[in-house]
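Enquirer: no sequence on this one, just coordinates:
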């Protein structure tokens, strides 16, 4: 357990803490701006009145009015008043009601869990694979293996997520067909109604995770491998790596102890943003594989003109972006001593 | 604390009888260039015996660094290396990475050119040195760390135990180079390779680092292969010297003999082209042409196209390195008679008309110039946290037809001073007077008109010329900017190109078709286009090789005499300043500390900083270089963000160190004012009288 201790020591110096605290204050201001702008935009762009009025059979006007008022999204109430009402609830943890009168907070909790289960494995795997593939490609620059990785990465990068997901699905169906039984399940989180031991249930969930994880990991790995290859090539040509070898370190050891960490410094920003932005950015994957996470909630809510839900997702995304920035700063400070002193 | 690094005498005569510790035979290195194969090293033999220092000299592209890297096995994998490299009998070429790694750092170690990039930025300095220890010795972490601290102490890092925990960015350039040397000697190597170890450093720091190298050699008994383009550094350090040209050794001899009686015309030319801080009036004799492109080498002697003695045979036969005893030269017909007569001495219109300086009209007068830059802190809401006092009291005075050399180390504010003068606007503080007009009173229109009277030539001739513009247009641009007519432009452009020694027919070519020296001539022609009275030259020759630099310096001399120009010549190279300047002004941390006629300042500096600076300049003459007195300044210049009262130099000042407490108080409290020492001569030191006389020129030969 030496590593985490050193990590904490590294970032826990007074200068670094002061710097990070200041950043947090700055983020709070940005968050307030983001919340206000997203509330105003959602309220102006979406028309919940139209959603209710378009129902069959058309409900009476008073009932539409009453429902809109009850949800706090009546466009006859001044926008600023709606916002302050929403805000006074939101600061107490009440994010309001969905357009179907459910609790936004509860829906939020459910969705975030789904997203987390869906994305965690794929993102971690994709990031690790991307770093390895990039570093490996840089070490074998211009050789066949490097070119093969490059071509494969560009192929993946130029394939839209929905196409990749559908291709994976088609492939899985072929496998299932030839096997004669459903080896790979890819709809939803689990087989509905399945009973059995904990092991069976977990296994079932793992099988369901296979394709979505692959589709996320492949795209992530392809993008990271490009960046990592670039930063690694810079480091491989550096004077300090030459110094390390002049000391008597083998090429491998010099690259591992002196090269890789330096090459990770500029990547830390990508990691932080990539990790957290995925929570809201995996709408296609969720839709195609039938998972009900944050991404699909966002799209469905826009379709239903569900102002409160859209605002909730927006605010969540804003928090995530700011948190990513903070995480990036922490990572950067941990990896690069030059940041810590200034 | 380490013992103060005083002048360490060189070790005695090399043990010439011992077996060679480094033996390089028939070394050839080739690269693949964009225009075909590039033979970077074409058959080099070098022998290094125990305790010996071999200087490897050459200009850029001569292959000297490639020899060092090939010896270490650190060339890129694309390099093709042939021949033999033996370290204490073990053949290195052909060994795998694992076997080589067992030898690198233990038997043979290296110090690199750029200390700023030589250390891994994310690891502590002490850890990096300890790593070198542990790479070859089976010792505990703690033991390796203690050894790292000892090594830092050996190379003169103050408070080594605390400094071992610092990261490289917390070290200055000189300290980082010390750390790299500590790393190199960590395992008592037999052979130490130093590739331009001081080229990236200031001259006072260079003196410190050369001293550390001497200490390191004394402690380890290692043989040293010192690669350098600087003949002065070589003269002070090397027992033997090998001169490289176009990938081959063209002459090799004991240092004293090589400098006193060179045989190969290239060596003769090189020694004639290098300006010396101790001999100002000797004209420089440039070698015509420029070093060859390695992928287009001629068939015979590579130097033949530039050689004044080249005969027919030289164009067909490449001479071998031959000679009696230990003085070898690669020349078919070594010059027999006086080598000094080999290269034509440039004609020189001597002696300006003798007018007392006070009667000459003033071209530039700067009084008390100051310029600060804000230091900002914070992320989103940046606020001013202090100031960098980049220029803090600069005085300059240039009369018509005069060259003022502006001298100082990096960070002393030379460039900021230039930019403030060229801004042609009111300075933050002080006064700039150009051709008798104060810049703070100029209107925009007047400033534009005045801009034609002061032009600048930049350091990097490639970066300061638009690569997509033919040189004819580059030269004509200032004319157009000043509103000259088409006819004037058409007449002046060929005139200007001829004036700087280029052909008028070259006007249609692009900058990349010229050599470095020719490009700088284009830059000079551009500056002269609008017939300025003052030419500001910002390190105009420091990007050029010695043999080419001499030609540009001679051109500048000639132009000044023909056109009656005044120069503000900024340079870190004191030998060049000694050669070209009439007067010199020395800056330290944004202030002018001394000024006066160049001969007088060099012969008898009044300010202790000037004296240390001058004593740090190596002289390309082994006999003088080894016996002259050196003053080593401790440490690095303090931060320009702190603006303490009193004298800014006192922390490093040898005079201050010898003062009594009450005298010191004066240096601490009172900022020294300019004091006159004879006509036209000032120094800003309270105790200038205590600065003793000896300087490089005063040393006994």
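Expert: Looks like it arrived, so ask away. This is a predicted model, so every value here is computed, not measured. Numbering: from 1, shown residues only, chains lettered A, B, ... in the order given.

Enquirer: Run the contact check for stretch B:87-94 versus chain A.
Expert: No. Using C-beta under 8 Å from any C-beta of the partner chain, stretch B:87-94 stays clear of chain A, with a minimum separation of 13.0 Å. Quick note: C-beta positions are derived from backbone N, CA and C, even for glycine.

Enquirer: Can you check the distance spanned by that stretch, start to finish?
Expert: Using C-alpha to C-alpha, to the nearest Å, the end-to-end distance of stretch B:87-94 comes out at 13 Å.

Enquirer: tell me the mean pLDDT for it?
Expert: For stretch B:87-94, mean pLDDT is 92.

Enquirer: With adjacent residues omitted, what lies nearest to the residue in chain B that chain A sits nearest to?
Expert: With C-beta to the nearest C-beta as the measure, residue B:105 is the residue of chain B nearest to chain A, at 3.1 Å. Of all residues beyond its chain neighbours, the one nearest residue B:105 is residue A:248 (3.1 Å), with distances taken as C-beta to C-beta, 6 or more residues apart in numbering or on different chains.

Enquirer: Once you drop chain neighbours, what's closest to the spatially most central residue of chain A?
Expert: The structure's chain A has its C-alpha centroid closest to residue A:278; by C-alpha atoms, centre = their mean the separation is 1.5 Å. Using C-beta to C-beta, 6+ apart and skipping the chain neighbours, the partner closest in space to residue A:278 is residue A:119 (5.1 Å).

Enquirer: With residue B:262 instead?
Expert: Nearest one to residue B:262, counting by C-beta to C-beta, 6+ apart, is residue B:268 at 4.8 Å.

Enquirer: Do I have it right that the one you found meets residue B:329?
Expert: No. Assessed by C-beta atoms under 8 Å, residue B:268 is found out of contact with residue B:329, at 10.1 Å.

Enquirer: Got the phi and psi for the nearest residue to residue B:36 once chain neighbours are set aside?
Expert: Leaving aside its sequence neighbours, residue B:36 sits nearest to residue B:295 (C-beta to C-beta, 6+ apart; 5.1 Å). According to degrees, to the nearest 10, the main-chain angles of residue B:295 amount to phi -80, psi 0.

Enquirer: what number of residues lie near residue B:295?
Expert: Per other C-beta atoms under 10 Å in any protein chain shown, the neighbour tally for residue B:295 reads 15.

Enquirer: try the one 4 residues further on
Expert: Residue B:299: 10 surrounding residues under other C-beta under 10 Å.

Enquirer: any low-confidence regions in chain A?
Expert: A:1-12, A:276-277, A:279-281, A:340-342 (pLDDT under 70).

Enquirer: Near chain B, which residues of it? Just list them.
Expert: Counting by C-beta under 8 Å from any C-beta, the residues of chain A that sit close to chain B are A:19, A:22-23, A:26, A:238-251, A:257-258, A:261-262, A:265, A:335-338, A:341.

Enquirer: Number of residues surrounding the residue of the stretch 201-342 of chain A found nearest chain B?
Expert: Per C-beta to the nearest C-beta, residue A:248 is where the stretch 201-342 of chain A lies closest to chain B, at 3.1 Å. Counted by other C-beta under 10 Å, the residues lying close to residue A:248 total 27.

Enquirer: now do residue A:14
Expert: Around residue A:14 there are 7 residues (other C-beta under 10 Å).

Enquirer: Chain B versus that one, what's the distance?
Expert: 15 Å (C-beta to the nearest C-beta, to the nearest Å).

Enquirer: Tell me how far that residue lies from residue A:20.
Expert: 11 Å (C-beta to C-beta, to the nearest Å).

Enquirer: Residue B:331 now?
Expert: Residue B:331 is 68 Å from residue A:20, where distance means C-beta to C-beta.

Enquirer: cool, residue B:308 as well?
Expert: 68 Å.

Enquirer: and if you look at residue B:511?
Expert: 48 Å.

Enquirer: now do residue B:403
Expert: Residue B:403 is 55 Å from residue A:20, by C-beta to C-beta.

Enquirer: repeat for residue B:241
Expert: 56 Å.

Enquirer: Compare those two and say which is more crowded by neighbours.
Expert: residue B:241 (27 against 15).

Enquirer: picking up where we left off before, after the helix or strand harbouring the residue nearest to residue B:262, next one along is what?
Expert: Residue B:268 belongs to helix B:265-273 when elements are defined using DSSP states H and E. Downstream of helix B:265-273, the first helix or strand assigned by DSSP H and E is strand B:328-329.

Enquirer: what mean pLDDT would you report for that next one?
Expert: So the average pLDDT for strand B:328-329 ends up being 92.

Enquirer: From the chain's centre, how far out is that strand? Work that out for me.
Expert: Here strand B:328-329 shows a centroid-to-chain-centroid distance of 28 Å under the convention C-alpha atoms, centre = their mean, to the nearest Å.

Enquirer: same thing with stretch B:282-289?
Expert: 19 Å.

Enquirer: Likewise for stretch B:116-133?
Expert: Counting by C-alpha atoms, centre = their mean, stretch B:116-133 comes out at 27 Å from the chain centroid.

Enquirer: Do any residues in it lie close to chain A?
Expert: Yes. Stretch B:116-133 is in contact with chain A by C-beta under 8 Å from any C-beta, via B:117-123, B:128, B:131-132.

Enquirer: dump the residue contacts of residue A:267.
Expert: A:131, A:224, A:227-228, A:231 (C-beta atoms under 8 Å, 6 or more residues apart in numbering or on different chains).

Enquirer: Show me just the buried residues among the residues of chain A next to chain B.
Expert: A:19, A:23, A:26, A:238-251, A:257-258, A:261-262, A:265, A:335-338 (16 or more other C-beta atoms under 10 Å in any protein chain shown).

Enquirer: What about those residues, which are in helices?
Expert: A:19, A:23, A:26, A:239-246, A:251, A:261-262, A:335, A:337-338 (DSSP state H).

Enquirer: Do a quick rundown of the helices in the stretch 201-342 of chain A.
Expert: A:239-246, A:251-254, A:260-264, A:268-281, A:283-289, A:294-303, A:307-335, A:337-341 (DSSP state H, counting those that start in this stretch).
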